[in-house]
Every structure is written in structure tokens, then in C-alpha cells.
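Chemist: quick one, fold the following:
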Amino acid sequence: MRCSAFHSVLVVALFGALAPTLAADTILVPQDQATIQAGLDAASSGDEVLVSKGTYNEALSLTDTSKITLRAKGKVILEPPLDEGISTTGFDLGECDDLVIEGFTVRGFTTGLEALACTDLVLRDLRFEDNPGRGLDVSFQSRAVLVGVRVKGSATAVAFDNSSDVVLEDCDLQVLPAAVMGDSVSFENCADVSVSKTRIRYGGSAIAVDSDCVGVDITRCDLRDSAVVALDLAGRDIVVRGNTLRKCEAGVLVATDAANSNHLFADNRLLGCTTFGFDVSAVGTQLRGNLVKGAGGDAMLTSGENTLIAANKLLGSGGLGLQVLGSPAVVHANRFKKNAGGDLQVGVGNVLLADNIPASVEDA
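Modeler: The predicted model follows:
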């Protein structure tokens, strides 16, 4: 009996000690707290702040918090406070851990959301409208997931700086048409990036990747109307697969840099680029199964070493179908048709040609 009683007391004591840790509250706005900021201030680790539909004139700040979920119930619009004019930032997040924000429309701020030094950030089904600076500005972030995010009416849709493990999936990003020199999505000094099933329109570049980035995967995206070049890429270990680029000034530019290596461009469609399709000067690049149709200039130009060019269709360009200036290179099973400047031109060096249709070759 003593042993049984002791165990009962022990279980009760342990349960009591764990209860505060396990308990999670749902804070309702405006039922429990009048404002969203008051709801966030009242939240503890593990809590959910659930906001009822309506327009809230608030600029929100969340710093040094852990495991908070902020969710909109119905259409919730966040606009600048009435007495402050245009506030700088809609969501201002700093050093947060395991934070989820879902379902809000953010409108009329200079920047829609700014996140600094956060970990495990999930942004789901957010809309950023008419924030003229940046839709989202994310720096020094570890593990960020953006799913179903919509941006319209910003000079830059999303900017990432010094971040790792970044995912953009099923997003729709349309910057201001006048922002011809800015980038819709930019990555600086980032690692392990995935952009998939995302639609991007306007901007100088749809996606820009700087030379300090490592491990960028761009897959099944639809990129349109870029004013300078759709994909402006540097860095290392870049995979671009299954994307469609339409009516852009230029398609893909991979700049010369000793660090550039191990790039794969496969099964992409480049349609109606005003100037060139691909201009690739990186070392160790593979171009396989791409379609370039109706480019105003050359469909494909390569000038890096150790390049594989295979099974591409290069059709109807205003310049050359393919110009190979770097070596060694392998050019295999590519198809050419109706390129005004000729189909295939090869520079001096070690270039292996096999099974290209047609097989006529000019010297550069």
C-alpha cells in the first residue's frame, strides 16, 4: 500500500509539473484580446492566436518568441495604423523560433514582412498587396518555408540574405511593371534553396542568385515578362529543371566566375525571348533536353569548360542555334531548325560532335 500510494503521489506530482509545458491556449482576437498585437503579447510557447475576419490597422512586432501560431479566420486584412500614415513594416519579426503565420492580407506598408535571425519560419497563404518597397525581406534565416504566398504591387517580391534551407512553393509573385531594374526574387549568400511551382511576372530578373550561393534548385516555375533576364545566376550547384520562360528580354544568364560549377539545366522551355535564350559561361555545366524557340538572338551560347550540350531543340532564333566557344565540350543529339544565323558554330578547342540534326557546323 505504501508503495502504491507513493507511486500515485509521484504521478500526480509529475503531471502537475508537466501540465504548464503541455498546455496550449487559443487566444481569440478580438474576443479575448482587442488587437492582434495584444494577442501576440499575451501568447506563450505553444499558443495559437486566431484572428476573426476584418480589417486591422496595426503594424505587428514579434521578437524572441518560440512556437507561436498566428492564423487568420476568414479574410483578415492588415493595414497601417490610421494615425501613423504609411508604416515601414507590416510584420516585424526578430529572433523568433518555430513561428507559423497563415492566411493574412498585408496591404499598404513600405515592406510587407521583415524577418531577421529567425529559425523554422512557416509563412502560408499570405497575400502582400501594394507594399511599394519589398513584399518580404528575410535575413539571417535558418529554415524558412513560404507556401501559397502572393505578392502584387511591390518593387521586389521576396529578398533573402544570408539564409539557408529556404523553400518557396506554389507562390504567385507579380512585382510592379515599372520596376525594370529590380529583381522579383533575390538570393544573396544563401544555401540549400528550393523554388518550385511558382509564378513570377515582371521585374528586371525573375530570380537572381549571387556568386556566394550554394545549392539552388529551381523547378517547374512559370516566369514571364522579365525586363532584363529571367534567370540571372551565379554561385555553385544550381539545378534549373522543367521551367517555362515566356516573353522575357533574355532567358538564362550564368556569369563568368571561377566558383561556378556543377550546374544542370534540363527540360526547360524558353519561348519568345527578345535577345538570347541561354548564355552560359560557367565551368561544368550540363544543358539537356531544353527547348529554345523564337529567340531574337542566339538560342544558346556556351563559353565555359567541361560542358555537355545534349538533346536540346533550338528552333527559329534570329541568330545562331548554338554557339560553343569553350572546351572541352560534348555536343550530342541536338536538333536545329530555321535559325537565321545558322545552326551550329564551334570555336577552337576540343569539342566532340555527334548525332546532331542537321549536322552542318561552322567555325567561329
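Chemist: so residue 40 is in which element?
Modeler: Element membership for residue 40 (DSSP states H and E) is helix 36-42.
Chemist: show me the contact partners of that helix.
Modeler: Applying C-beta atoms under 8 Å, 6 or more residues apart in numbering, the contact partners of helix 36-42 are 27-29, 32-33, 49, 51, 56, 58, 60-62, 65, 68, 70, 78. For the C-beta atoms, the positions are set from N, CA and C on the backbone; glycine is no exception.
Chemist: give the ChimeraX command for selecting the buried subset of the residues you listed.
Modeler: Buried members of those, defined by 16 or more other C-beta atoms under 10 Å, are picked up in ChimeraX with:
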select :27,29,33,49,51,56,58,60,62,65,68,70,78
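Chemist: which pair of the contacts of helix 36-42 spans the longest distance?
Modeler: Maximum pairwise distance in these, criterion C-beta to C-beta, is 20.4 Å, between 28 and 61.
Chemist: low-confidence ranges, the stretch 151-300 of the chain, go.
Modeler: 178-181, 256-260 (pLDDT under 70).
Chemist: now the helices for it?
Modeler: Secondary structure of the stretch 151-300 of the chain (DSSP state H, counting those that start in this stretch): no helices present.
Chemist: list the buried residues of stretch 298-312.
Modeler: 298-310, 312.
Chemist: endpoint to endpoint, it covers what distance?
Modeler: Terminal residues of stretch 298-312 lie 14 Å apart, using C-alpha to C-alpha, to the nearest Å.
Chemist: can you point out the buried residues in stretch 241-256?
Modeler: 241, 243-246, 248-255.
Chemist: redo those as JSON lines? Include distance to residue 158.
Modeler: Output for the buried residues of stretch 241-256, formatted as JSON lines (distance: C-beta to C-beta, whole Å):
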{"residue": "241", "distance to residue 158": "21"}
{"residue": "243", "distance to residue 158": "17"}
{"residue": "244", "distance to residue 158": "20"}
{"residue": "245", "distance to residue 158": "19"}
{"residue": "246", "distance to residue 158": "21"}
{"residue": "248", "distance to residue 158": "19"}
{"residue": "249", "distance to residue 158": "21"}
{"residue": "250", "distance to residue 158": "21"}
{"residue": "251", "distance to residue 158": "21"}
{"residue": "252", "distance to residue 158": "20"}
{"residue": "253", "distance to residue 158": "20"}
{"residue": "254", "distance to residue 158": "21"}
{"residue": "255", "distance to residue 158": "21"}
